[in-house]
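**Q** pasting a predicted model and its sequence here:
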Amino acid sequence: MKNILISNEIQTSVFFCNSKEVKVHAVQTGLISVKENFLNQKGKGFMSKLNIVFGNTYADFMPIWVWVIEHPEGIIVVDTGDVKESGYKVFYKNETLGAKFRLKVMSNKRNINKQDELDAQLSRLGIRPEQVSKVVLTHLHGDHTDGLKFFPENEIIVNEAEYRKPYGNLATTYPKWFNPTLVSFLKDRIDFFDSAYPVTKSEDVLLIPTPGHTYHHASVLLKTDNGHILFAGDTSYKHQQLLDNKFAGANIDFVQTQKTYNTILRYAEKYPVIYLPSHDENSANRLVNREYLIK
């Protein structure tokens, strides 16, 4: 394992939706390293989970990306990243013994400073947390939810099915006030995925189903005038995993992961798509360079 050099400079790209300017910021909220068998599936079914438990090799550190969309309808934040406190045992003091055991055997390592946290990063953009219109969560894992504490007065959108049946979440680490807006997907809103929840009235920002990493994982799709951007959460950890049809060992449902991969690739054959997983070291570069999934 090595602490790879990933710039924590915010990277910004400008797009247009319905001829109106939209800025998309790639914000890195620290680094995380997981077990190699957590990142890359080893073995089938239950064996893949056992190989995580008994594996001792850690993958290189990966970024924890948050996406900030300055949209005509308001500022939208996709996931909230991680915080320094998450690297200490006391952060999980109220979890069950079973959850603490799972944390120990699955284990990860974090490299997060206070200046990496989302409130400090938003400040660098000249944005106060209270100015954010909506926070949209792809799923409920800590490295996507620990930054919730900065948004006590904001609308927070979560797929209701993910909220009702989470996988691998640590509920005691949520702020006590956490009471998200629970949404359900609407039929016939998008090609191939079939259903989606419109985050914006113009329906150019959509929450779409991408299950597999968790039972009801979702991603956020931004439709711009010249192409689409898929903020993919942990649909895959790496861009290349999707292209190579390789899965993360951490996924709960490999059958659903395969279906999700197939749907994304079919969508990308029809529409130009920039695919941005939350932990790929090159996601920000792909955003600013407009590197499409299928060229």
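**A** Sure thing, it's come through.

**Q** quick one: the strands in the stretch 151-295 of the chain, in order.
**A** When assigned using DSSP state E, counting those that start in this stretch, the strands of the stretch 151-295 of the chain occupy the ranges 155-159, 181-183, 186-190, 194-198, 205-209, 218-224, 227-233, 273-277.

**Q** those strands: lowest mean pLDDT?
**A** Here the strands of the stretch 151-295 of the chain differ in mean pLDDT, and the lowest is strand 186-190 at a mean of 94.

**Q** name the helices or strands packed onto that one?
**A** Under the contact criterion of 3 or more CB pairs under 8 Å, 6 or more residues apart in numbering; DSSP states H and E, the helices and strands touching strand 186-190 comprise strand 194-198, strand 205-209. Bear in mind the C-beta positions are built from the backbone N, C-alpha and C, glycine included.

**Q** helices or strands up against the last one?
**A** Meaning strand 205-209. By contact count (3+ CB pairs under 8 Å, 6+ apart), the secondary structure elements abutting strand 205-209 are strand 155-159, strand 186-190, strand 194-198, strand 218-224.

**Q** can you lay out these as CSV showing distance to Asp143 and mean neighbour count?
**A** Converted to CSV, the helices and strands packed on strand 205-209 look like this (distance: least, CB to CB, whole Å; neighbours: other CB atoms under 10 Å):
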stretch, distance to Asp143, mean neighbour count
strand 155-159, 16, 21
strand 186-190, 27, 13
strand 194-198, 23, 17
strand 218-224, 16, 24
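
**Q** which of the ones you listed sits closest to Lys20?
**A** With distances scored as CB to CB, the stretch of those nearest to Lys20 is strand 218-224 (10.2 Å).

**Q** that closest one pairs with which strands?
**A** Next to strand 218-224 in the sheet, as set by DSSP bridges, lie strand 205-209 (antiparallel), strand 227-233 (antiparallel).

**Q** can you map out the strands along the stretch 1-150 of the chain?
**A** 11-17, 20-34, 62-71, 74-78, 108-111, 132-136.

**Q** same list, those, but as CSV with mean pLDDT, mean neighbour count and distance to Ile252 please.
**A** Below are these laid out as CSV (pLDDT from 0 to 100; neighbours: other CB atoms under 10 Å; distance: least, CB to CB, whole Å):
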stretch, mean pLDDT, mean neighbour count, distance to Ile252
strand 11-17, 97, 16, 31
strand 20-34, 97, 21, 15
strand 62-71, 98, 24, 20
strand 74-78, 98, 23, 21
strand 108-111, 95, 17, 17
strand 132-136, 98, 23, 21
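
**Q** okay if I get these as JSON lines plus distance to Ile274?
**A** As requested, those are exported to JSON lines (distance: least, CB to CB, whole Å):
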{"stretch": "strand 11-17", "distance to Ile274": "9"}
{"stretch": "strand 20-34", "distance to Ile274": "9"}
{"stretch": "strand 62-71", "distance to Ile274": "11"}
{"stretch": "strand 74-78", "distance to Ile274": "14"}
{"stretch": "strand 108-111", "distance to Ile274": "27"}
{"stretch": "strand 132-136", "distance to Ile274": "17"}
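
**Q** list the contacts for the nearest residue to Val22 once chain neighbours are set aside?
**A** Of all residues not flanking Val22 in the chain, Phe15 sits nearest, at 4.9 Å (CB to CB, 6 or more residues apart in numbering). With contact set as CB atoms under 8 Å, 6 or more residues apart in numbering, Phe15 has these partners: 21-24, 222, 224-226, 229.

**Q** ok, Thr257 next?
**A** With contacts defined as CB under 8 Å, 6+ apart, Thr257 is in contact with 211-213, 235, 247, 251.

**Q** measure the residue nearest to Ala99 when sequence neighbours are not counted to Ile294 for me?
**A** Taking CB to CB, 6+ apart, and ignoring the residues beside it in sequence, Ala99 has Leu170 as its nearest neighbour in space, at 6.2 Å. Taken as CB to CB, to the nearest Å, the spacing of Leu170 relative to Ile294 amounts to 36 Å.

**Q** so for those two, which residue has more residues nearby?
**A** The neighbour comparison of Leu170 against Ile294 (other CB atoms under 10 Å) goes to Leu170, with 22 against 13.
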